[in-house]
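1. build the 3D model from these lines:
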Amino acid sequence: MTGHDYTARVVWTGNRGEGTRHYRGYDRTWNVETAGKPVIHCSNDPLLGGDPTLHNPEDMLIAALSACHMLWFLHLASDAGIAVTAYADEPVAVGETDAAGASRFLRATLRPRITVARGTDLQRADALHARVHEYCFIARSVNFPVECRARYRVGD
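-> Predicted structure coming up:
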């Protein structure tokens, strides 16, 4: 096994002047700062009063899961001689909040729309999605099921 370190800097930006002295007296906003990359301005879930125009941790988790799956699918497709010409996903994650206010994801469904070259064996392409979960760092790390329901379009 080879270890990997991933780093980021998360900086709270929601101090309105009195810090957390009062529960409603501060914003749940922060920046994600990674050296050499654009800053990501974030807020908490809009269900909890967050800014709906900013990314929240739940958005970033489902996006990371989808992006990791996509990158591995493209890799495996290339290795298999399958020419993918377009890929777009609209994943959905289902969460729950218990009576005490603790939340968790129950499951996620990836719903990529994939365009492949004419003559592609779609069953073979679809079988690659199951193999992705052998490799995808994010999917292998979460503790909820991840399903993939791919749809294909054959290009010209």
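2. my guess is residue 149 contacts residue 113, does it?
-> No - between residue 149 and residue 113 no contact is recorded; they are 10.3 Å apart, counting by Cβ atoms under 8 Å. Every C-beta, even on glycine, is put in place using the N, C-alpha and C of the backbone.
3. gap between residue 131 and residue 111?
-> Distance of residue 131 to residue 111, computed by Cβ to Cβ, to the nearest Å: 18 Å.
4. quick one: stretch 58-65 to chain centroid distance?
-> 3 Å (Cα atoms, centre = their mean, to the nearest Å).
5. same question, stretch 17-31
-> Per Cα atoms, centre = their mean, the centroid offset for stretch 17-31 relative to its chain is 27 Å.
6. start and end of it, how far apart?
-> Using Cα to Cα, to the nearest Å, one end of stretch 17-31 lies 18 Å from the other.
7. try stretch 76-89
-> 17 Å.
8. what does it rub up against?
-> 66, 69-70, 73-74, 110-117, 120-121, 124-125, 128, 131-132, 153, 155 (Cβ atoms under 8 Å, 6 or more residues apart in numbering).
9. please enumerate the helices of this protein.
-> Counting by DSSP state H, the chain has helices at residues 57-79, 122-132.
10. out of the ones you listed, deepest packed?
-> helix 57-79 (a mean of 17; mean count of other Cβ atoms under 10 Å).
11. verify the stated contact: residue 103 with residue 97.
-> Yes - in terms of Cβ under 8 Å, residue 103 counts as a neighbour of residue 97; the distance is 4.4 Å.
12. report the contact partners of the residue positioned nearest the centre of the chain.
-> In the chain, the residue lying closest to the centroid (Cα atoms, centre = their mean) is residue 63, at 2.1 Å. The contact partners of residue 63, by Cβ under 8 Å, 6+ apart, come to residue 91.
13. cool, and residue 57?
-> With Cβ under 8 Å, 6+ apart, residue 57 has these contacts: 42, 44-45.
14. what's the longest strand in this protein?
-> Counting residues, the longest strand found in the chain (DSSP state E) is strand 103-110.
15. could you give the angle of that strand to helix 122-132?
-> On the basis of axes from the mean of the first three to the mean of the last three Cα atoms, to 10 degrees, strand 103-110 is oriented at 150 degrees to helix 122-132.
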